[in-house]
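> predicted model and sequence below, questions to follow.
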Amino acid sequence: MEDIRRTKVVDVLQRTDYGSVVNVKGWVRTHRSSKSVHFIALNDGSTIKNVQVVVNPENFDSAMLKQITTGACISVTGELVESQGGGQASEVQCQEIEIYGLCGQDYPMQKKGQSFEVMRKQAHLRLRTNTFGAVMRIRHNMAIAIHDYFHKHGFFYFHSPIITGSDCEGAGQMFQVTTKNLYDLRKDKDGKIIYDDDFFGTQTSLTVSGQLEGELGATALGAIYTFGPTFRAENSNTPRHLAEFWMIEPEVAFIGLDELMDLEEDFIKYCVQWALDNCKDDLNFLNAMIDKTLIERLKSVVAGSFVRLPYTEGIRILEEAVANGHKFEFPVSWGMDLASEHERYLVEEHFKRPVIMINYPKDIKAFYMKMNDDNKTVQGTDVLFPQIGEIIGGSVREENYDKLMAEIERRDIPMKDMWWYLDTRKYGTCPHGGFGLGFERLILFVTGMQNIRDVIPFPRTPKSAEF
């Protein structure tokens with residue numbers, strides 16, 4: 001038979017030119033057999049759906065057919081025909097099979113319901129399952145949606161450094177980057193490590209955020225966004241935290257608090273609508289298998305407007321809930337940083353829609369946030385989502401040099417390496433603001449998955465850097 005170019009499964013399933021000879025390649029999902037006919041479900045990752053290959057066992061060596069088990073990789077050439085059974089419009093009547101790779105009975109991803117915890121230990125193979133295929137295709141689509149949104153709205157994609165000498169959040173929980181011999185560190189008379197012989201000649205770390213550099217971009221290009229990996233060395237073993245994750249951080253000159261909230265709401269609705277429009281098959285699968293309310297929840301987010309809630313009013317609502325008998329694990333009081341349970345109460349039980357909380361106490365927010373006239377609260381904006389809690393954190397930035405310096409000194413933040421950031425307030429300062437969206441939290445919401453380790457191909461968490 002002449003060499004026929006491969007057709008992806010997603011494309012073969014759309015074709016109706018019955019009688020054509022096609023070639024499909026992929027991994028076997030299932031192989032059902034009887035004396036008269038074999039059915040092989042083949043998937044190549046291009047879609048959640050499998051193509052059914054119908055095999056007449058009389059035309060093939062029985063020992064060879066027996067080797068084609070779940071997980072095996074094969075190439076099939078055959079005639080595209082209208083399907084006799086339900087579930088698919090077309091199928092392939094097999095004429096030729098080539099085996100690329102056999103798969104033994106010890107294949108960890110056999111067709112049975114492994115727990116997600118077990119599959120995390122097989123992260124190199126879990127990608128071949130229906131669930132993780134769906135999640136990764138949606139992850140790709142969300143990345144496309146993000147670039148598409150910002151490009152259409154006149155933002156420029158801006159690459160902030162991954163290796164940095166600054167700590168954006170003042171958190172101190174950063175991964176150090178060094179070429180020094182850790183077994184033989186030179187120290188000064190005060191016991192501090194000498195970095196002058198290190199690669200960069202100074203102490204450097206993996207970035208926790210591209211925001212500060214993004215502000216430089218916004219004060220030159222007007223509107224930028226970063227989209228890249230960020231790192232937090234927090235010992236957090238929760239379903240919402242990773243040590244390595246991706247962040248989207250737009251930064252915009254000449255923007256105020258109301259416009260910033262408009263941007264946050266419009267952007268996230270655009271991404272969710274993109275998923276509804278472009279990921280139907282994968283969402284239908286996840287809605288059936290993972291979360292029966294997923295699609296309904298996605299549609300409700302797009303349909304309704306977000307509540308805009310001052311922090312002080314949010315605390316009053318939570319205190320009222322406590323007075324009426326609602327039990328929280330963490331106590332509620334003005335000045336506290338809200339826990340996930342408080343955020344979810346406001347979103348899921350009180351308002352029943354997403355909330356943008358604003359005007360937080362200054363002491364629980366970062367140094368760069370713009371102070372309100374009350375001198376107690378800052379123009380922070382956190383977008384709180386059902387099931388997730390905080391999905392976006394943003395603010396209007398303090399553009400006044402003297403006010404920013406006063407806050408830096410009050411907090412005793414070491415700024416010797418941050419002269420370049422402060423220069424934006426010295427030379428042509430302007431009002432500006434922006435936000436950070438944790439990409440994986442967006443994927444959690446859009447897929448209905450429950451653990452953030454299951455929406456990134458290879459999760460990095462405390463004591464775990466496999467694969």
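That came through fine. Residues are numbered from 1 along each chain as shown.

> run through the chain and note the low-pLDDT ranges.
Along the chain, segments meeting pLDDT under 70 span 1-2, 111, 167-172.

> and the residue nearest to residue 282 when sequence neighbours are not counted, which of the three is it?
Of all residues not flanking residue 282 in the chain, residue 134 sits nearest, at 3.8 Å (C-beta to C-beta, 6 or more residues apart in numbering). Glycine gets a C-beta too; all of them are placed from N, C-alpha and C. Using DSSP: H, G, I helix; E, B strand; the rest coil, the structure places residue 134 in helix.

> touching, residue 134 and residue 449? I think so.
No. Counting by C-beta atoms under 8 Å, residue 134 does not reach residue 449; the two are 9.7 Å apart.

> common neighbours of these two, please.
Overlap of the contact sets of residue 134 and residue 449 (by C-beta atoms under 8 Å, 6 or more residues apart in numbering) consists of residue 286.

> what's the helix or strand that residue 422 is a member of packed up against?
Residue 422 is part of helix 419-426 when elements are defined by DSSP states H and E. Counting contacts by 3 or more C-beta pairs under 8 Å, 6 or more residues apart in numbering; DSSP states H and E, helix 419-426 is packed against helix 211-221, helix 401-411.

> can I get these in JSON lines with distance to residue 289?
Output for the helices and strands packed on helix 419-426, formatted as JSON lines (distance: least, C-beta to C-beta, whole Å):
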{"stretch": "helix 211-221", "distance to residue 289": "37"}
{"stretch": "helix 401-411", "distance to residue 289": "47"}
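
> list of residues touching stretch 395-402?
Contact with stretch 395-402 is made by 215, 255-257, 260, 365-366, 368-371, 378-381, 404, 407, 422, 425-426, 429-435, as judged by C-beta under 8 Å, 6+ apart.

> may I see the buried residues of that stretch?
395-399 (16 or more other C-beta atoms under 10 Å).

> where do the helices sit along the stretch 301-450 of the chain?
311-323, 340-344, 401-411, 419-426, 439-447 (DSSP state H, counting those that start in this stretch).

> now the longest one: buried residues?
Right, the one you point to is helix 311-323. By 16+ other C-beta under 10 Å, the buried positions in helix 311-323 come out as 311, 314-315, 318, 321.

> closest to residue 42 out of those?
The shortest approach to residue 42 among those belongs to residue 314, at 52.0 Å (C-beta to C-beta).

> in JSON lines, list the buried residues of helix 311-323 along with distance to residue 193.
Formatted as JSON lines, the buried residues of helix 311-323 follow (distance: C-beta to C-beta, whole Å):
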{"residue": "311", "distance to residue 193": "40"}
{"residue": "314", "distance to residue 193": "44"}
{"residue": "315", "distance to residue 193": "43"}
{"residue": "318", "distance to residue 193": "45"}
{"residue": "321", "distance to residue 193": "50"}
